[in-house]
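Visitor: model this:
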Amino acid sequence: MTVTLAELGESELLRRLARFAPPGQLSDDTSTLNADSRQLLVNTDVLVDSVHFSDRTTSPVDVGWRAVAANLSDLAASGAVAVDGITVALVAPGGTHWSWVEDLYRGISEALSCYGGILLGGDCSAGKQRLVSITALGRMGPLRLHRADARPGDWLVTSGAHGLSRLGLALLEGDPELNDFVALTDDLRHRAISRHQRPIPRLDALNTLLAHKPDNLPWRAAGTDSSDGLLTAVQALCSSSLCGAVLTREWLPRARDWPGGDRWDEWCLNGGEDFELVLALPATWAQRWLDHQPDSRQIGWITAKCHEILWSDTQLPVAAGGFDHFDQS
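Guide: Numbering: from 1, shown residues only. Below you'll find the predicted structure:
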């Protein structure tokens, strides 16, 4: 028998959700964190039904995983080396099946088991649209990554390929434009769908960065993640640092077996939800990171020309087009 949230009632819903947290963790309205000499990093991210996920493309287990991954990606891009845990705010219509919520929290638990942290607490409410809001708390390591710390001459580097999540979404939605690309390999299709449904917060790439800093350099680097697209991430670094950038077209971080052409370069630049680190580093530190971090690559460099992001071959502006949370088109 399928039970809805309205039939369960709030008390029974909270009782069932408590099993996804340590015993007694959800018994109070507040949670405590152990004292730690490291600074605390806090991030909140919201996933809204029909904006960030849908039943057509994402199972509730994957919604839970993606909600956690999006937050932990921001922690990694800020320099977090440990995850304390998360709080979860869930809004859902009363007719939502308990099985959907159960699978959502199962996905949340799977991500936490993989990357660290526990379910600290949260809240639930009825509403017209499903919404999952997560606040993640992590501990900062020796490097606080700020978007505003890029300097002219830094190399622009990223932790992996871009465009896979956008391709995965197109495949899951049955985008008719893809009918012209029957040459897409099965491996590329599989990787794209996997990356869309199960993104990877790049805590590993941050650890590599910390482990290979040259001794003669200060702890100064700029960073963000590419949740809203690679170009948007570069723009954020440049805007905050009052710098510009030059990108090299041949260095775009295309995935293995990625087709050629303007549309595919557009997805690489502006597809969004790849959740890779995008960093501006001194050249010697960048080279060490590239030597030790699999699939990382240089995409360009930082210049003194404030807010100008240009192609290296033509010196023309790189066209914008990243994800906009308030775009209704």
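
Visitor: Torsion angles phi and psi at the closest residue to L247 other than its chain neighbours?
Guide: Distances taken as C-beta to C-beta, 6 or more residues apart in numbering place G300 nearest to L247, at 4.0 Å, with adjacent residues excluded. Glycine gets a C-beta too; all of them are placed from N, C-alpha and C. Per-residue torsions, G300: phi 170, psi -150 (degrees, to the nearest 10).

Visitor: G300 contacts S312, correct?
Guide: Yes: counting by C-beta atoms under 8 Å, G300 touches S312, with 7.0 Å between them.

Visitor: residues bridging contact with those two, i.e. touching both?
Guide: Counting by C-beta atoms under 8 Å, 6 or more residues apart in numbering, the shared contacts of G300 and S312 are V246, L247, T248.

Visitor: Okay, now the unreliable bits of the stretch 51-200 of the chain?
Guide: Low-confidence segments of the stretch 51-200 of the chain, defined by pLDDT under 70: 180-182.

Visitor: residue boundaries of the strands in it?
Guide: Along the stretch 51-200 of the chain, the stretches classed as strands by DSSP state E, counting those that start in this stretch are 80-92, 118-126, 131-140, 155-158.

Visitor: re earlier: which one of the shared contacts of G300 and S312 sits closest to R19?
Guide: Nearest to R19 among the shared contacts of G300 and S312: L247, at 48.1 Å, using C-beta to C-beta.

Visitor: Report the beta-bridge partners for the closest one.
Guide: Bridge pairing for L247 (DSSP bridges) gives the partners G300, W311.

Visitor: quick one: pLDDT of it?
Guide: On pLDDT, L247 comes in at 98.

Visitor: now swap in R16 and tell me
Guide: The predicted structure lists R16 with a pLDDT of 95.

Visitor: Who are the contact partners of it?
Guide: Going by C-beta under 8 Å, 6+ apart, the list of residues near R16 reads L8, W98, E102.

Visitor: tell me the domain boundaries of this protein?
Guide: As recorded under automatic domain parsing, the domains making up the chain are 5-24+37-140, 147-311.

Visitor: I'd like those domains as TSV, with distance to V318 appended.
Guide: Listed next are the domains of the chain as TSV, based on distance: least, C-beta to C-beta, whole Å:
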stretch	distance to V318
domain 5-24+37-140	21
domain 147-311	5
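
Visitor: for those domains, which one sits closest to P317?
Guide: The closest of the domains of the chain to P317 is domain 147-311. By C-beta to C-beta, the value is 6.0 Å.

Visitor: And the closest one, how far out from the chain middle?
Guide: 12 Å (C-alpha atoms, centre = their mean, to the nearest Å).

Visitor: Against C306, how distant is the residue most central in space within the chain?
Guide: Nearest to the geometric centre of the chain sits F275, at 3.3 Å (C-alpha atoms, centre = their mean). Plainly put, F275 is 28 Å away from C306 if you go by C-beta to C-beta, to the nearest Å.

Visitor: Kindly report the same for Y115.
Guide: 36 Å.

Visitor: Sounds good, over and out.
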